[in-house]
Every structure is written in structure tokens, then in C-alpha cells.
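Student: Predicted model and sequence follow; I will ask about them next.
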Amino acid sequence: MFPITRMRRLRSSKFRPLVRETRLDVKDLICPIFVDETISKPFEINAMPGIFRQSLDSVADEAASISELGIPAIIIFGIPSEKDETGTHAYGDDDVVQKAVRAIKRQVGNDLIVMTDLCLCEYTSHGHCGMISDSHEILNDPTLEILGKTAVSHARAGADIVAPSGMMDGMVGAIRRALDDNDFKDTPIMSYAAKYCSVFYGPFREAASSGFSFGDRASYQMDPGNTDEALREVALDIEEGADMIMVKPALPYLDIVYRVKKKFKMPTAAYHVSGEYSMIKAASRNGWIDEKRAVYESLISIKRAGADMILTYFAKDMALELKS
Ligand code: PBG
């Protein structure tokens, strides 16, 4: 008790690093990359200053520069030149993600872990993550086979990990079976297991051209008011064969990150999403917030809550910062 105990004794800059409980490491980071089949040079995303869509010619250089910073993994989002009702260009061997993965693997080799986001919303003309009925219902079961095919095409191109993000029931099981049936039994699945229906994905939809033409994603993504449901979602994905699980978004859902990690003790990722990125950028550009400190505090908080890995658009900035 005071005055014997003085909590401030260890708060001097001399002792702080010694007694810090949580540390960020470059190896915690996963860097998203957008690759656009329709462009010939990198193109900055309006709502995400500092983040670019890469072309099929520039994507391998970008991946190499990420790898040189010591970041262990990337996750690829594709923007195809053609979309249709059923997302045909998600799974062709010569479609955008498949080409990008091959180009990156050719140039960067095996040190960099290449994950692929596995969803249909960038490939469907209506922008939803599944097949639709005439009455605009999002159909679960007919979507599963397409997700399986897409996973196999990613693995065939050389993807190290596939990451289904569409929140269809049974998607992890369907993808696991498709991978196993095609001799990819060692390809892990990182499931976007607890993905909320979030306004913070707003800038991403510009980034990935994945806005929807009707309705919203509330019939498949989770209600922000729910916690126990997240635990059930994660439990089901683990049963279906998920090797790693993700909570998304990150900062508004740290309670979920905490509970999921505590309960399942699985390799757990949190996705610091586009809106979380853009808010910090906008405030710092207005001189309202110190960007570097805001990024550090955000990411350390995500790790403190229990995340083993953080997907973030600040990955390169943070890697540079951690080096210096
Ligand atoms: C695709 C997908 C989305 C994000 C990742 N995968 C968008 C969505 O569900 O609408 C969002 C990522 C971000 O906002 O950074 N299903």
C-alpha cells in the first residue's frame, strides 16, 4: 500500500520497456494487397491514402518490398476485368488472383507466405458474397461448390493459405473437402470466422470494387450486438477444419478477440479493416491526431486483447517503425 507501493516507480522511460507486457513484432503482421487486372500501373485508392491497387505487372515487386521489410505474410484481393452473376472469374487458372500468386511466387520465392482472400463479392456483378435467387436472396448451399473450386484454383496457383471471408454456413468444411480431394491436404484454411456486418468496410468496397447493387450483407455477416454467436461461429469453423481463425473488424471487437482466444486457444488473427485505416489517416491529415502513435496504440491493443496476427494496411509503416 502507499507509500510503500508506488506504481509510478516503474513508469520512467528507463524502466518502461523492461516491464512492458505486450510487444509488437514485425512477425505479427499480415499485409493486404489489392491486384487489379484492368490497370497497367499502381493506382492510389481515394478513400485509403497511401494504399494502391497493384497491376499484374507491379504486384510481385510490391510483394517483394513487403517481404524485404520482414513481414511474413500477405493476403491478396483480386479485382477482375469481368464480373458475372455467378463469379466465374473467381476460379479460372488464368484469372487475376491465380496469375498474381504465380507472379509473386516466381519472383519472391517461398519465404513470403501468400494467403488469398476467398470470396465471391469482387467477382459477382451484384457484388454479394454468394449466389442469388430471382428474388434477391443470397443462396448458401449453391455457393459452397464455387468456393471449393476457387480454393483449389488458388492452391494450384501456389497459394500457401486460403482465407474464406464470405460467411456462408458450411464454407470451411466444403473448402476443406475440395482441397483434400485435390491433393492439397496440407494447405491451411484461415477462416474469417467471426465477421461482423460492419460500416468500417466502407473504404474497402472502393478499394476492391466490391460494393453491392441491392440490399446489404446483414443476412450473412454478424450482428454487431452479438458476442456468444461469435463463439458459436468460431466453434463451427474449427469443427469444419479451420486451422486459423479471424475476428473482423478489430478495434471495435476487442472483446470478441479476447473471448475467442481465451476459449479456443487457436491461432487467432484480427483484421484491422479499411475504415479503421482511413479514420486514422483522415484525422492525421487534418492534424488532429499523431498518426504514428495512433497506429502503434491501435495495433498493440489488438495484440494485447489476444490476437496472434494482425491484418493491417499499416503493416509496411509499422514494420519500418519497428526497425528504427
Ligand atoms: C470480402 C471482404 C470484405 C473485406 C474483406 N473481405 C468486404 C465485405 O465483407 O464487404 C473488408 C476488409 C476491409 O474493410 O479492410 N467479403
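Tutor: Sure thing, it's come through. What you see is a predicted model, and the numbers here were worked out from it, not measured in a lab. Numbers count the residues shown, from 1 in each chain.
Student: what separates stretch 311-324 from the chain centre, distance-wise?
Tutor: Offset of stretch 311-324 from its chain centre (C-alpha atoms, centre = their mean, to the nearest Å): 16 Å.
Student: what is the rounded mean pLDDT of it?
Tutor: When pLDDT is averaged along stretch 311-324, the result is 97.
Student: before we move on, what about stretch 208-215?
Tutor: 92.
Student: So for it, could I get the coordinates as PDB, restricted to C-alpha?
Tutor: This file holds the C-alpha atoms of stretch 208-215, laid out as PDB (Å, rounded to 0.1, in the frame of the first residue of the first chain):
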ATOM      1  CA  ALA A 208     -11.800  -3.800 -54.200                       C
ATOM      2  CA  SER A 209     -14.800  -2.700 -56.300                       C
ATOM      3  CA  SER A 210     -17.000  -5.000 -54.200                       C
ATOM      4  CA  GLY A 211     -19.900  -2.800 -53.400                       C
ATOM      5  CA  PHE A 212     -23.300  -4.500 -53.800                       C
ATOM      6  CA  SER A 213     -26.100  -3.500 -56.100                       C
ATOM      7  CA  PHE A 214     -29.000  -4.200 -53.700                       C
ATOM      8  CA  GLY A 215     -29.600  -4.900 -50.000                       C
END
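Student: Quick one: distance of it to the chain centre.
Tutor: Taking C-alpha atoms, centre = their mean, one finds stretch 208-215 lying 18 Å from the centre of the chain it belongs to.
Student: Buried residues in it, which are they?
Tutor: Of the residues in stretch 208-215, 208-210 count as buried by neighbour count, 16 or more other C-beta atoms under 10 Å. For the C-beta atoms, the positions are set from N, CA and C on the backbone; glycine is no exception.
Student: can you check stretch 70-77 too?
Tutor: 71-77.
Student: again, but for stretch 158-172
Tutor: 158-168, 171-172.
Student: quick check, residue 316 in a helix?
Tutor: Yes - under DSSP: H, G, I helix; E, B strand; the rest coil, residue 316 sits within a helix.
Student: Residue numbers of the protein in contact with the ligand?
Tutor: Residues of the chain that fall close to the ligand, judged by C-beta under 6 Å from any ligand atom: 117, 119, 121, 129, 165-166, 201, 204, 210, 217, 273-274.
Student: Show me the two of those residues that sit farthest apart.
Tutor: Farthest-apart pair in the residues of the chain next to the ligand is 166 and 274; separation 17.1 Å (C-beta to C-beta).
Student: Contacts only, for residue 124.
Tutor: Each residue near residue 124 by C-beta atoms under 8 Å, 6 or more residues apart in numbering is listed here: 83-87, 132.
Student: mind running it again at 10 Å?
Tutor: By C-beta atoms under 10 Å, 6 or more residues apart in numbering, the contact set of residue 124 is 83-90, 130-132, 143, 146, 210, 212-213.
Student: Only whichever of these are buried, select them in PyMOL.
Tutor: Of the contacts of residue 124, the buried ones can be selected in PyMOL as follows, counting by 16+ other C-beta under 10 Å:
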select buried, resi 83+86+87+88+89+90+130+131+132+143+146+210
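Student: Let me know the closest of the contacts of residue 124 to residue 13.
Tutor: residue 210 (44.9 Å).
Student: does the closest one really touch residue 122, like I thought?
Tutor: Yes - Residue 210 lies in contact with residue 122 (C-beta atoms under 10 Å); the separation is 4.7 Å.
Student: Got phi/psi on the closest residue to the ligand within the stretch 1-150 of the chain?
Tutor: Nearest residue of the stretch 1-150 of the chain to the ligand: residue 119, at 3.9 Å (C-beta to the nearest ligand atom). The phi/psi pair for residue 119 (degrees, to the nearest 10) reads phi -160, psi 160.
Student: Please tell me the pLDDT value assigned to it.
Tutor: So, for residue 119, pLDDT stands at 96.
Student: can you tell me how far it sits from residue 172?
Tutor: As defined by C-beta to C-beta, to the nearest Å, residue 119 lies at a distance of 13 Å from residue 172.
Student: list residues touching both of those two?
Tutor: In contact with both residue 119 and residue 172: 147, 164, 192, using C-beta under 10 Å, 6+ apart.
Student: can I get these in CSV with secondary structure?
Tutor: Converted to CSV, these look like this (three-state DSSP):
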residue, secondary structure
147, helix
164, strand
192, strand
